[in-house]
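Q: Return atomic coordinates for the entry below.
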Amino acid sequence: MSVRTRITLIESDRYYFRGVDAVDLATRHSYEEVAEWLWTGRMRPGSTFTAPAASVAVARRAVDALPGHGAPTDLLRVATIAAATADPLRFDLSEEAVLGTARTLIPTLVAALPPAGHDRLDEGPLAHRLWTRLSGWEADEASLRALDAALALLVDHDLAASTLAVRVAASARAHAYAAVSAGLGVIEGPLHGAASGHAHRLLLDVLDQGDAAPVIADELRAGRRVPGLGHRLYPGEDPRARALFTLLERIPRAEPALLAARDIVETTARHAPLHANVDLALAVLTASCGMPRPPARRSSPWPVRRAGSHTPWRSTANALCACARAGSTQVQDRPSHCRSSAGRGPAVAASQLRLGSPL
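A: This next block holds a predicted model:
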């Protein structure tokens, strides 16, 4: 079994979106611009995504009706289904229609999320709007840039489990909302979207204790692998983590979390010289930007510090990536000037997909 794709190529500790270095794209362009490149093979400077008022209203009502303890993926799945019911043209699977759905569903999902603080931003770049749903802190330019780049870095990663689920739904001619829903269902699993929650918990424990050694000892004593380290597709460094750490170093308040992450890597290096992966970098982002500790009220759906839970950012990011993947899949990975993907040739062997690995 093999799957052809022209979207993402992973090789030699680097990865590419349609033939262009993905890290370079993410650090030079906004999430919206990278998504447009992924979908169309054309760079559209200044791209912005706008949510239809009717879709936002329906999605917000559906989300507001959920219990206060709803997890991020619960809210996002419900918002996706609600938005679908407000779109009578959702069964139009022409290329332009599917791309139009992706461009409106992404901001609709963000708009449907309750604010983390008192203000909810509904205009401007998507990362700015998303910040107000994830953090009650005032945003600075360096933090917003890190969030935007993180979204772009994770917009696609070859045939991860959620990407495969989106592809299966799209191959059955399901509409874009249904394809996104399929991807969100897979994200719920502890071996995929929820995996970064373990790295987040580990980092908070190290910050609490001030030393990685006893925390890692507890992980190993319980028979668990140390999260946030190593990656099956990158024998050296995870390029996404490297890029995100570089941006986080520009945020002064991120220094304690960065030092804790370094302590985790150095402590485990005594026996297993593994580099930090993107989950550990995301844990630093969330821990240093006030994302895991929102006001205690229904206005925020995120658990304050429940071991093993999703961090809100990662679940939301995966949902936005599912939208991007649905758009890419249903326009058939088309632009002809891109590199052949995933691997070492034009096809991806099923044995190389490594479903369940931290992708």
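Q: From here on, just use CA atoms for contacts and neighbour counts.
A: Fine.
Q: From residue 10, how far off is residue 20?
A: 11 Å (CA to CA, to the nearest Å).
Q: Point out where this protein drops to low pLDDT.
A: Residue ranges of the chain with pLDDT under 70: 1-4, 190-191, 292-359.
Q: in this protein, which spans are strands?
A: 2-3, 8-11, 14-17, 20-21, 348-349 (DSSP state E).
Q: How far off centre is the third one?
A: A distance of 16 Å separates the C-alpha centroid of strand 14-17 from that of its chain, computed with CA atoms, centre = their mean, to the nearest Å.
Q: name the helices or strands packed onto that strand?
A: strand 8-11, helix 22-28 (3 or more CA pairs under 8 Å, 6 or more residues apart in numbering; DSSP states H and E).
Q: again, 6 Å this time
A: For strand 14-17, the packing partners by 3 or more CA pairs under 6 Å, 6 or more residues apart in numbering; DSSP states H and E come out as strand 8-11.
Q: I'd like a version of the strands of the chain in a markdown table, one that adds mean neighbour count and distance to residue 59 as further columns.
A: Formatted as a markdown table, the strands of the chain follow (neighbours: other CA atoms under 10 Å; distance: least, CA to CA, whole Å):
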| stretch | mean neighbour count | distance to residue 59 |
| --- | --- | --- |
| strand 2-3 | 12 | 34 |
| strand 8-11 | 21 | 31 |
| strand 14-17 | 23 | 31 |
| strand 20-21 | 15 | 35 |
| strand 348-349 | 17 | 37 |
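Q: and these as TSV, adding distance to residue 134?
A: As requested, these are arranged in TSV below (distance: least, CA to CA, whole Å):
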stretch	distance to residue 134
strand 2-3	36
strand 8-11	28
strand 14-17	27
strand 20-21	28
strand 348-349	36
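Q: Could you point out which of those strands sits nearest residue 274?
A: strand 14-17 (16.7 Å; CA to CA).
Q: what are the bridge partners for residue 16, then?
A: Residue 16 has these beta-bridge partners by DSSP bridges: residue 9, residue 21.
Q: mind checking which of the strands of the chain is nearest residue 100?
A: Of all those, strand 14-17 comes closest under CA to CA, at 20.6 Å.
Q: what comes into contact with that closest one?
A: 7, 8, 9, 22 (CA atoms under 6 Å, 6 or more residues apart in numbering).
Q: Grab the CA positions of that strand and hand them over as PDB.
A: Coordinates of each C-alpha in strand 14-17 appear next as PDB, following Å, rounded to 0.1, in the frame of the first residue of the first chain:
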ATOM      1  CA  ARG A  14      14.000  19.000   7.400                       C
ATOM      2  CA  TYR A  15      10.500  19.100   5.900                       C
ATOM      3  CA  TYR A  16       9.000  21.000   3.000                       C
ATOM      4  CA  PHE A  17       5.600  22.300   1.900                       C
END
